[in-house]
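In: Sequence and predicted structure, then a few things I'm wondering about:
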Amino acid sequence: MLTRFLRTSRHAALAWLILAGPCFAAVGPAAAVCATPSASGLARQRLQDAMAHGRFVAYQPTQIRIIDGRASRADDAGIRADLKVLREHFDSLVTYGSANGADRVADVAAELGFRVVVLGIWGIDDEAEIRLALDAAARQPALVVGLSLGNERVLAGETDYARLAERLNQLRRRAPKLALSTTEPFHLFEQPGAAPLLAAADFLLVNAHPVFQTWFAQAGPADWARFVVNVTQDVAARFCGPVLVKETGVPTAPETMGFTAARQAAFFRVLREAFPATDRTAFAYFSAFDAAWRVADSHPTAGPQPQEGSWGLFEEGRSPKPAALELPGLSR
């Protein structure tokens, strides 16, 4: 579910260049790619209003767990319990999938007065899940502004830019009034081969995790935040539409890897100051709740991932961590 940056020497050098400051010429200039005008302009404007004036969180229902390839289901009661906690701090949601009951997120969010929802579709070729997402958007047209087709599927090697762009264009024909996107790590959107994908998207969902950079342990919250700001600006310079950072954060465990609740809180505290939201660029808090099952889940890169269960601003039991307690009040 999370970004695993390819630790080649080129990406290590790129990370240091971007961390040092917004001198993007050092990584090679590129003309901005603009999506073909579509009927989704109103939805995109509502999304941008939420980016500038709301507060996003990346959310998956706590009832959904995938163990040995088998997923449990979420129901309205469980989603409602999650979203009541989140609504005190957030008014906008971006999800990962619409299967296993997650299509009901939009319906419950509408009851609780959320501003906007971007619904995820995990399987880019899963017709049943695509239909669930489209039906949810049709039920809640005042809330669902967009669909995100796939999460790090290019990174995982399950598809390529051209095929994903084709799937987005196919989805646009079925949902012309919705803003469409996909999610990949920032550096994949910067590759020359990504141009068709950028041209097919109304907005971008970007993952930018300082914790996966080789310099993370030697740096501090100000450096981590500056990295996120600068890579977001770099992507925004290459794309005409809005850019929402879907994933950036610091896990709260294990401490042996340098991850603590205090560090998570410090990162978001600094990021709020360094990365003021606009209708062009903004970030979502990642993620809503801990999920212990993710430690044993499949990941885009090999090796153990002991930090995967502790990205939440809230514990699995929905108790807030310091990062959640420090969030400024949310105007309604």
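Out: Received it, and whenever you're ready, just let me know what you need. On a predicted model such as this, the values are computed, not experimentally measured, just so you know.
In: Give me the pLDDT for A39.
Out: Per-residue confidence (pLDDT) for A39: 87.
In: and the gap between it and K177?
Out: Separation of A39 from K177 (Cβ to Cβ, to the nearest Å): 5 Å. C-betas here are computed from N, CA, C, even on glycine.
In: between these two, who's got more neighbours?
Out: When A39 and K177 are compared for neighbours, K177 comes out ahead with 14 against 11, by other Cβ atoms under 10 Å.
In: Work out for me the element the more buried one sits within.
Out: K177 is part of no helix or strand, with elements assigned from DSSP states H and E.
In: That one is in contact with A43, isn't it?
Out: Yes. Using Cβ atoms under 8 Å, K177 is in contact with A43, at 6.0 Å.
In: Mutual contacts of those two, please.
Out: Residues touching both K177 and A43 (Cβ atoms under 8 Å, 6 or more residues apart in numbering): none.
In: Look through the chain and tell me its longest helix.
Out: Criterion DSSP state H: the longest helix present in the chain is helix 221-237.
In: between whichever helix or strand comes after it and helix 221-237, how many degrees?
Out: Heading C-terminal from helix 221-237, the first helix or strand you meet, by DSSP H and E, is strand 243-247. Relative orientation of strand 243-247 and helix 221-237, computed by axes from the mean of the first three to the mean of the last three Cα atoms, to 10 degrees: 140 degrees.
In: And the next helix or strand past strand 243-247?
Out: Following strand 243-247 toward the C-terminus (DSSP H and E): helix 261-274.
In: Just name whatever secondary elements the following helix or strand past that next one is in contact with.
Out: Using DSSP H and E, the helix or strand that follows helix 261-274 towards the C-terminus is strand 281-285. Helices and strands touching strand 281-285, as assessed by 3 or more Cβ pairs under 8 Å, 6 or more residues apart in numbering; DSSP states H and E, comprise helix 41-53, strand 56-59, helix 221-237, strand 243-247.
In: one more time with 6 Å, if that's ok
Out: Judged by 3 or more Cβ pairs under 6 Å, 6 or more residues apart in numbering; DSSP states H and E, strand 281-285 is in contact with strand 56-59, strand 243-247.
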